[in-house]
Each structure stands twice: as structure tokens, then as C-alpha cells.
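Asker: Here is a sequence together with a model predicted from it:
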Amino acid sequence: MNRRTKIVATLGPATDDPDVLERLIQAGCDMVRINFSHGDAETHSRRIRMVRSAARELDTDVAVLADLSGPKIRIDRFREGKIELTAGAPFALYARPDPPAGDETGVGVAYLGLVDDVAPGSELLLDDGLMALRVERVDGTDIHCTVLTSGPLSDRKGLNLRGGGLSVPGLSEADVADIEHAAAWQVDYLAVSFPRNASDIEQARSLLHQAGGQARLVAKIERTEAIENLASITEASDALLVARGDLGVEIGDAELPGLQKRIISAALEHNRAVITATQMMQSMIDSPVPTRAEVLDVANSVIDGTDAVMLSAETAVGRHPVRVIEAMGRICEGAERHVQAHVPSRRLNVRAERIDQAIAMAAMMTANNLPVRAIIALTDSGATAQWLSRVRSPAPIIALSPNRATLRRVRLFQHVRPLFFPHLTDETRSKQIRRALRAVLDAGLVAEGERVLMTLGDTQGLPGGSNTLKILTA
């Protein structure tokens, strides 16, 4: 209950040992990420089953985030697998269906429409910005460039256009198939990579619902166009993810810190959850301890108000997957102690049009003016817990629900602790309240005699039906 900020861990070979996965969850992992850019459907399905099995063994609930590959543009393969680029040398990109094998003079590119998106003077960035090319001329399907940065370049590296402007669609053919897999696996969140606008999010949601999926959608902000359409994308999504890798390549490192704060602020203003990601503890892929710069990076994200911080290669392929979770948890708690958590930092940015929203506002106002140990939310859909988590308060939120999908979903929300609480038919409200208090007491989340707030509804199992706020003594 001490840590407000949630931790997302990417699964990979380093977490395939069931014992490691259990220790990862015990160390404080709230959500796991399945990266569709790596591995096949069988591997992804096996890892999701492992997570849910481990969560059952530990009597807890862990959310699953499936991350679509998106239309990331990549170069093709080289004849020898790798070349060395030399600054000042000519180099060509072949936007053809059947390009020749790559060598020191050029390589194919998977996106054939690239010839229409560049012009002389355009700057193309390869391998997360490590290599740069300047376009000199476009000749039919071939883009002739000058190398700006010396260094090695290997197969299938990513390609970006400085400043954005690529017309590649928001969802690829592979994404459509992966959405069907995500629906079949009943993942809790689905991340849409490289969305340009709200229509890309709406298309993904439509495809997900057609496939029978009920996951919440996370918009990964990693294109210049997404920044330009940030408000509408945020409104169309359930959560945002600050994807600092490709975003930093497109807009430049100098703009990235300010944009991170802007994206987090946009999520908070629209009452959406937000995840901050990419290279947060990168050195711990090999090192047992983080650098001071990484400590400050994670801490500043917490202070900015992010709901969650995400680990990628650190847990997927790193040498210390459990230790990095423990270190990140300590950093989050340390940063939270220096945030004015006991003073409300923001209000719920919505005019209450639903009763559960009004109840959430009343609860947070009460918690910020009356000492209480916790806020207990009896919730079927998780909506009340989400509204409560949008306003910073010294009191943790305990979400009691009979719905396991809801319990997994609320794991993303800042300062929310899920707890399974089955419905009993024909139970009076007074008996339900006493049973709820007993549940949090037995779980060790509050102690006898401590004051708590409780939100609940007249009718059990009615989504959005919270209409009552009570002040109680456990």
C-alpha cells in the first residue's frame, strides 16, 4: 500500500522461468507487457498463461498489456548481415517489392511509399537515430542519400523521418491479426503503436470489439503527428504511453523532456491513465544497480504524475529482472515521499454528469480534509476506482470487486490496490458493508479502529452504479 506508482514489466526470455516470473510479481510488478514486435503467437500465448497461473498461485491479479507492432518502417536485410557506413559516402534506399540484397551502396526498405514522403534535404534516421542519411534525390523507386553518421548498420533496423510526416497507416496487416489474438487471449490492455490521430484508435477499438475483445486501449505517443493531435487521441483512448524511443528520434532529444510533461499533463487533464516508458533503467540490463541519472529520470516521471513506469529490455532480456523491479519500486516510493501527496494537486477534470463521478469527487474532497486510512470502493466495472485515482490524496484506494477482469484493469491506476470481493445474493447493505470491512481487515490493509471512507451502490453488479459515500470505522 506504500507505493502509489505502478510498475510495468516486459516479458521475454529472461522471465520465462516460472520461478523468476513469480518473484517478479512478488517484487512489485503490477502489469506485464507482451511485445508483439518480438516472438510468435505461440510464445505470447504461453507467457500470458504463465502470468495468470503465477498470479493465481500468489492469490493476486496482474494486468496484461499486449503491445501491437504498429507500422514501424524497417530496412531490409544485407547480404552479409551487417555493413559499415562512412560519413560523406553515397547510400541508396530501394523502395521496391524485390530489392537487391543490401551492401555498402544501398539496401531495400519495406515501406514502398517512402518515395512519396521524402524530398531532397529530408533527413532519414536509422537504428533509433544512431545513423543519419540526407536525401539528395529521388529517382523512381530509389532514394539516393548521403551518409551523415559513420557506424555499423545491420539487418531490419528501424527508419524514421526527422520531423515526422510519413503517410504510413496507423495499423498494419500484422496488427489486424494480432488484435484477433489479443481478443482471444482476453488481454486487459491493448497498446496501439504509432497512431497518427483519433481515427487510428477508433479503428483499433472497432476491430477489437468485432473480435470479441474488451481490452482498454493505450495510445503510444511516438509520432510527430500524434503530438499535433494529442487532445483528440487522448479523448479517444483509455490511457496514454509516453514512448520516448521513436518520439525522441522524430522530434529530437532536446524537445523530449518538455513533451513528456505535456503528454502526462494531457492524460491527467482528460482523466486518463498514463505510462512512461523507454530506457528508464537501461543500465540494469547488465548492471545490478541503476545510474544516478536513471534514478532521477524515474523519480521525475513520478513527480510529473505518471500512473506507471515501464521496463522493456531490462526485464525481457536483462540479467537482473527481479532486482530491477525492486530498484524501481524503491525509487518510486522515494520520489513519492517528496511529492506533496498530502495536498490535493489536481481536481477531477470533469463536470460530473454521472453519479459515480460525483461520489468520487465527494470522497476525495473528504479524504483531503478528514484524516482517513483508506478509501474502499465497492466497484463492478472499476469506474469509481479510476475516478478516485485521478485526484491525488494521502489515502490509498482499495478496489473491491467480484470481477477478476476489473481487478486486473485497476492495477494500472495510481494508488489503487485491488482485492477480490465476491457478490452474495440477497445480502443487505449493512451486511455487505460489514463484510467489506472484514475483507480489508483480514487482508491487513487497515487496522481495527481506523477510519475509512467507503463508496458503493444500491444495486450490486450495476456498472457505474456507485451512489453512496460512507465514513466508517474499521
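Answerer: The structure has been received and is ready for your questions.
Asker: R137: neighbouring residues, count only.
Answerer: Using other C-beta atoms under 10 Å, R137 has 10 neighbouring residues. In short, each C-beta sits where N, CA and C put it, glycine included.
Asker: Sorry, slip of the keys, the one I care about is H144.
Answerer: Using other C-beta under 10 Å, H144 has 16 other residues around it.
Asker: now the one 3 residues further on
Answerer: If you count neighbours by other C-beta under 10 Å, V147 ends up with 20.
Asker: H144 is in contact with L133, isn't it?
Answerer: No. In this structure, H144 is not within contact of L133 by C-beta atoms under 8 Å, at 9.7 Å.
Asker: which residues touch L126?
Answerer: 75, 132-133, 153, 157-159 (C-beta atoms under 8 Å, 6 or more residues apart in numbering).
Asker: let's see it at 7 Å
Answerer: 75, 133, 153, 157, 159 (C-beta atoms under 7 Å, 6 or more residues apart in numbering).
Asker: Pull the most distant pair out of those.
Answerer: L133 and K157 (11.9 Å; C-beta to C-beta).
Asker: Between those two, which is the more surrounded one?
Answerer: L133 (24 against 15).
Asker: got a list of what the residue lying closest to that one once chain neighbours are set aside touches?
Answerer: Spatial nearest neighbour of L133, chain neighbours left out: C145 (3.9 Å); criterion: C-beta to C-beta, 6 or more residues apart in numbering. The neighbours of C145, taking C-beta under 7 Å, 6+ apart as the test, are 91-93, 124, 133-136.
Asker: State the pLDDT value of C145.
Answerer: Per-residue confidence (pLDDT) for C145: 98.
Asker: does it belong to a helix or a strand, and which?
Answerer: strand 142-147 (DSSP states H and E).
Asker: Which strands and helices lie in contact with the next helix or strand after that strand?
Answerer: Following strand 142-147 in sequence order, the next helix or strand is strand 151-154 (DSSP H and E). Packing partners of strand 151-154 (3 or more C-beta pairs under 7 Å, 6 or more residues apart in numbering; DSSP states H and E): strand 82-85.
Asker: which element follows the strand it packs on toward the C-terminus?
Answerer: Downstream of strand 82-85 (by DSSP H and E), the next one is strand 90-94.
Asker: If you count neighbours, what's buried in that following strand?
Answerer: Of the residues in strand 90-94, 91-94 count as buried by neighbour count, 16 or more other C-beta atoms under 10 Å.
Asker: What's the separation between the residue located most distally from the centre of the chain and D117?
Answerer: Using C-alpha atoms, centre = their mean, the residue of the chain lying farthest from its centre is D139. It sits 40.6 Å away. Using C-beta to C-beta, to the nearest Å, D139 is found at 15 Å from D117.
Asker: what does E336 give?
Answerer: Using C-beta to C-beta, one gets 44 Å for the distance from E336 to D117.
Asker: try L190
Answerer: Relative to D117, and taking C-beta to C-beta, L190 is found at 27 Å.
Asker: Between these two, tell me which one has more neighbours.
Answerer: L190 (27 against 19).
Asker: Looks to me like the more buried one is in a strand.
Answerer: Yes. Counting by DSSP: H, G, I helix; E, B strand; the rest coil, L190 is found in a strand.
Asker: what is it paired to in the beta sheet?
Answerer: For L190, the beta-bridge partners are A66, L217 (DSSP bridges).
Asker: in terms of contact, does it touch L217 like I think?
Answerer: Yes. L190 is within contact range of L217, at 5.6 Å (criterion: C-beta atoms under 7 Å).
Asker: Now the common contact residues for these two.
Answerer: Counting by C-beta under 7 Å, 6+ apart, the common neighbours of L190 and L217 are A204.
Asker: Please name the bridge partners of the residue nearest to L133.
Answerer: Residues in a beta bridge with C145, per DSSP bridges, are F91, V135.
Asker: Quickly note the distance from it to A92.
Answerer: 7 Å.
Asker: which residue ranges form the helices in the stretch 301-450 of the chain?
Answerer: Assigned by DSSP state H, counting those that start in this stretch, the stretch 301-450 of the chain shows helices spanning 313-316, 321-337, 355-367, 383-389, 404-409, 429-442.
Asker: hey, which of those is tucked in deepest?
Answerer: helix 383-389 (a mean of 28; mean count of other C-beta atoms under 10 Å).
Asker: Packing partners of that one?
Answerer: Packed next to helix 383-389, using 3+ C-beta pairs under 7 Å, 6+ apart, are helix 355-367, strand 374-378, strand 397-401.
Asker: tell me the mean pLDDT over that helix?
Answerer: 90.
Asker: now stretch 198-215
Answerer: What stretch 198-215 shows for mean pLDDT is 98.
Asker: how distant is it from the center of its chain?
Answerer: Computed by C-alpha atoms, centre = their mean, to the nearest Å, the separation of stretch 198-215 from the middle of its chain amounts to 17 Å.
Asker: Now it: buried residues?
Answerer: 198, 200-201, 203-205, 207-208, 213, 215.
Asker: Same check on stretch 291-302?
Answerer: Of the residues in stretch 291-302, those buried (16+ other C-beta under 10 Å) are 294-295, 297-299, 301-302.
Asker: got JSON lines for these, with secondary structure, distance to R373 and pLDDT too?
Answerer: Formatted as JSON lines, those follow (DSSP: H, G, I helix; E, B strand; the rest coil; distance: C-beta to C-beta, whole Å; pLDDT from 0 to 100):
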{"residue": "E294", "secondary structure": "helix", "distance to R373": "33", "pLDDT": "98"}
{"residue": "V295", "secondary structure": "helix", "distance to R373": "30", "pLDDT": "98"}
{"residue": "D297", "secondary structure": "helix", "distance to R373": "32", "pLDDT": "97"}
{"residue": "V298", "secondary structure": "helix", "distance to R373": "28", "pLDDT": "98"}
{"residue": "A299", "secondary structure": "helix", "distance to R373": "26", "pLDDT": "96"}
{"residue": "S301", "secondary structure": "helix", "distance to R373": "27", "pLDDT": "96"}
{"residue": "V302", "secondary structure": "helix", "distance to R373": "23", "pLDDT": "95"}
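Asker: got a pLDDT number for the closest residue to F421 other than its chain neighbours?
Answerer: Distances taken as C-beta to C-beta, 6+ apart place L400 nearest to F421, at 3.7 Å, with adjacent residues excluded. pLDDT recorded at L400 is 97.
Asker: pretty sure L400 contacts D380?
Answerer: No. L400 is not in contact with D380 according to C-beta under 7 Å; the separation is 10.0 Å.
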